[in-house]
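K.L.:
Generate coordinates for the sequence data below:
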Amino acid sequence: MTIAAPGSLGLAGGDVCGVLALARAAAPGVRFEVRPEQIELHTTTPHSREARIACGVALLNVRLALQSHGIRPLVTLLPGQSAAGAAVAVRLGGCQEPGPDVLALLHASRAPRRAGAAPPEPAAWRGLLSRAAEVERAWLHVEDDELVLCTFARGAAAEIRAGQAMQRVLLTAGTAGVAVSPAQDLMSLSALRADLRPRLGNVLVPQVVLRLGAG
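P.N.:
Numbering: from 1, shown residues only. Below you'll find the model as predicted:
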């Protein structure tokens, strides 16, 4: 069932529906409020770290979808009462035609994830995925078949950034034919994050663990 949406950021309601559909497909638990001047992303459980990471995942898809319409998104994390307590507000930041990198990531976001093996040599994918994380102000630490996505700060904003970085890394992997999936075992994930903190010099904050392979 298609849910109608009002126009926003210069887009007609039908185009806004398409933007939200792409975001909901990546993170169905995020709630959206559409206003003429901005699109707001709300977490259903505002004090949950996992909900903020999911919000970041949805945000990256919103940004890509808007860019495909020639809109340069202006993003404010934790905008406060100006956005009714939203986790994120996205406004119009100008116009810009989408580049081939944006179109490739959009294609990956719409394609079904396929099982597959990672290339045998880390050099074939490590730099590509590391750069994807860095675009979102994050850092990718490689531990054998585990990729630990780190931020340079703690807190709610850093967790939203981690979600954006995770989604960009996953989509970038898809464009390169590298199978990467989020870790599912939350207990081992928590233990791994705790173990990594001192080894990273307590400067980088481990946020998300990804694994080579389709899960």
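
K.L.:
CA atoms for contacts and neighbours, from now on please.
P.N.:
OK.

K.L.:
host element of the residue sitting nearest the centre point of the chain?
P.N.:
Centroid-nearest residue in the chain, with Cα atoms, centre = their mean: Gln164, separated by 2.5 Å. Using DSSP states H and E, Gln164 maps to helix 156-175.

K.L.:
Looking at the next helix or strand after that helix now, give me its mean pLDDT.
P.N.:
Next helix or strand after helix 156-175 toward the C-terminus (DSSP H and E): strand 180-182. Per-region confidence: strand 180-182 scores 89 on mean pLDDT.

K.L.:
before we move on, back to that, tell me what the helix holding Gln164 is packed against?
P.N.:
helix 49-68, strand 71-80, helix 100-110, helix 126-135, strand 138-143, strand 146-151, strand 180-182, strand 205-212 (3 or more Cα pairs under 8 Å, 6 or more residues apart in numbering; DSSP states H and E).

K.L.:
Serialize those to CSV and add fields for distance to Ala173.
P.N.:
What follows is the helices and strands packed on helix 156-175, written out as CSV (distance: least, Cα to Cα, whole Å):
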stretch, distance to Ala173
helix 49-68, 15
strand 71-80, 23
helix 100-110, 9
helix 126-135, 7
strand 138-143, 13
strand 146-151, 12
strand 180-182, 7
strand 205-212, 10
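
K.L.:
Quick check: which of those is nearest to Ala5?
P.N.:
For those, proximity to Ala5 was assessed by Cα to Cα; helix 49-68 is nearest, at 14.5 Å.

K.L.:
which residues are contacting that closest one?
P.N.:
18-20, 22-24, 26-27, 29-30, 41-46, 72-73, 87-88, 96-98, 102-103, 105-106, 109, 156, 159-168 (Cα atoms under 8 Å, 6 or more residues apart in numbering).

K.L.:
And stretch 150-167, by the same measure?
P.N.:
49, 52-60, 77-78, 132-141, 149, 203-208.

K.L.:
Next, work out how far apart Gly29 and Asp101 are.
P.N.:
Going from Gly29 to Asp101 by Cα to Cα, to the nearest Å gives 27 Å.

K.L.:
quick one: which of the two has more around it?
P.N.:
Neighbour count, other Cα atoms under 10 Å: between Gly29 and Asp101, Gly29 has more, with 16 against 12.

K.L.:
Pull up the per-residue confidence for the closest residue to that one other than its chain neighbours.
P.N.:
With Cα to Cα, 6 or more residues apart in numbering as the criterion, Gly29 has its nearest non-adjacent residue at 6.9 Å, and that residue is Thr44. With respect to pLDDT, Thr44 has a value of 84.

K.L.:
quick one: pLDDT of the closest residue to Arg211 other than its chain neighbours?
P.N.:
Leaving aside its sequence neighbours, Arg211 sits nearest to Glu146 (Cα to Cα, 6+ apart; 4.6 Å). Note for Glu146: predicted pLDDT of 85.

K.L.:
any idea how far Glu146 is from Leu196?
P.N.:
From Glu146 to Leu196 the distance is 12 Å (Cα to Cα).

K.L.:
Could you do Glu143 as well?
P.N.:
Glu143 is 10 Å from Leu196, by Cα to Cα.

K.L.:
Between the two, which has more neighbouring residues?
P.N.:
With neighbours defined as other Cα under 10 Å, Glu143 and Leu196 compare such that Leu196 has more, 16 against 9.

K.L.:
ok, that one - contacts?
P.N.:
Leu196 touches Pro206, counting by Cα under 8 Å, 6+ apart.
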